[in-house]
Each structure stands twice: as C-alpha cells, then as structure tokens.
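Visitor: test case, fold it:
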Amino acid sequence: VEEFFKSERLAVNHSTMPEHLDELRTAFERGGIHDFWRVRVETIESPAPGGYLAAKYYARLGDDDAALNSLRHAFEKRDFNFPFFYSEPVFINCCSADPRFRELHAMWANPKS
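Guide: Take a look at the predicted model:
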C-alpha cells in the first residue's frame, strides 16, 4: 500500500484524485487492505461506474457479481485494459468458473462486425 501512495505521489497521470488519498490512507490504517480496497473501488466508481480497474478491486473483495458486471461494462466501453482480463490472476481466481466470464471471453475473441 505504501508503494501505491509513492507511485501516486510521483505519477504524471494519477489513478486516484489527490483528495481521495487521505481517505484511502485512513481506510487502510483503520481496517487494513480490505477497507483500502473497498474505499478504492468507491472512489473509482464515483465518477463513472464500471470498468476494468473497478472489476479488479471487486474481485479482490470477493464480490464476483460486481466484478463480472464491471468487466461487462469495461467490454462495452472498450476499456483499454479489458483485453488483459482473461490472463489477470485476480479474475482467474474468482471468476473463471462462472459462465459469464467465459461469455465475455467469447465476445472479446469473436467480435461481431
């Protein structure tokens, strides 16, 4: 988590709004990594729901339905990172047995023209 804060401090393109950094640090100090992930996904979802990054945090939290819904949204939005979902360990561990995961892969691998 400290590396996350260091990278945000040094980044040109921040993945977190600066005003959310204190909130994230407090969440981690209060409740550990799970609280950090929960607050992180809330900050990601507030400007625009769904997406690849939100899906990763939902998967880490064990919320497979929300992870798959966010992945579906990432596919529909043509999220730049979406093609990596099929090899992302966090999704393989939580969602790969779900038929919706395989459906997303089929939609990505065989797009309709």
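
Visitor: for the helix or strand of the chain with the lowest mean pLDDT, packing partners?
Guide: For the chain, using mean pLDDT, DSSP states H and E, the weakest element among its helices and strands is helix 2-10, scoring a mean of 81. With contacts taken as 3 or more C-beta pairs under 8 Å, 6 or more residues apart in numbering; DSSP states H and E, helix 2-10 sits against helix 18-45. To be clear about C-beta, it is placed using only N, CA and C from the backbone, and glycine gets the same treatment.

Visitor: re the thing from before, what's the angle from the least confident helix or strand of the chain to helix 18-45?
Guide: Angle of helix 2-10 versus helix 18-45, following axes from the mean of the first three to the mean of the last three C-alpha atoms, to 10 degrees, is 110 degrees.

Visitor: in helix 2-10, what counts as buried?
Guide: Of all the residues in helix 2-10, those buried under the rule 16 or more other C-beta atoms under 10 Å are 4, 8.

Visitor: could you do stretch 41-61 as well?
Guide: Buried residues in stretch 41-61, defined by neighbour count with 16+ other C-beta under 10 Å: 41, 43-45, 50-61.

Visitor: tell me which entries of the residues you listed lie within helices.
Guide: Of the positions in the buried residues of stretch 41-61, 41, 43-45, 52-61 sit in helices, assigned by DSSP state H.

Visitor: could I get the pLDDT score of the closest residue to residue 23 other than its chain neighbours?
Guide: Nearest residue to residue 23, sequence neighbours excluded (C-beta to C-beta, 6 or more residues apart in numbering): residue 39, at 5.9 Å. At residue 39, the pLDDT value in this model is 88.
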